[in-house]
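Engineer: Could you work out the structure for the sequence below:
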Amino acid sequence: MRCCSFSSTRSRIAARAASASRAEVTSPQNEGGWNYNATVQARRLGVPPTRLVLRHVLPNAAVPGVQELARTGDQLLGGVLVVEAVFAIPGTATALVEAVQNRDVPTVQALTLILAAVACLLNLVADLVSQRLAPRTEVLR
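Structural biologist: Predicted structure coming up:
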């Protein structure tokens, strides 16, 4: 239950970030005074609004949401560990606490490595999805 309420709050933040990004991309002039010429020119040339949104605006607007969801996944991972440890629910945190109490160093190292790998994997997937949605830089050779 705790995980559901926490994730719904964090998903609202991700949706808000994506919405703000979409509004910034579609506005003809943002706060800095820089004009999004591509959007304005596409509208002048008669590009259908649905195509403009789906092909140009949505991928750029989804990047902040994807990054926020990756941070949410990291926080959920830590939150689940705390909830398991506090309420003595059998799981990874309980095994980690028992391993620390028994001074079982290999188990502590293995569980810590697994949790760190999951967090790194979440962030790697978010970075790859962001790069795929809106490639902004080329790889230097």
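
Engineer: Let me know the next secondary structure element after the one helix or strand L76 maps to.
Structural biologist: Per DSSP states H and E, L76 falls inside helix 58-87. Beyond helix 58-87 on the C-terminal side, the first helix or strand identified by DSSP H and E is helix 92-101.

Engineer: give me phi/psi at V47?
Structural biologist: Main-chain torsions, V47, degrees, to the nearest 10: phi -70, psi 130.

Engineer: Tell me, how many residues neighbour it?
Structural biologist: V47 has 15 neighbours, counted by other Cβ atoms under 10 Å. Yep, even glycine has a C-beta here, placed from its N, CA and C like the rest.

Engineer: Number of residues surrounding T50?
Structural biologist: 8.

Engineer: about what we covered before: run through the neighbouring helices and strands of the helix holding L76.
Structural biologist: Counting contacts by 3 or more Cβ pairs under 8 Å, 6 or more residues apart in numbering; DSSP states H and E, helix 58-87 packs against helix 2-26, helix 92-101, helix 105-133.

Engineer: what's the spacing between R51 and P59?
Structural biologist: Plainly put, R51 is 13 Å away from P59 if you go by Cβ to Cβ, to the nearest Å.

Engineer: just G73 next, same as before
Structural biologist: 21 Å.
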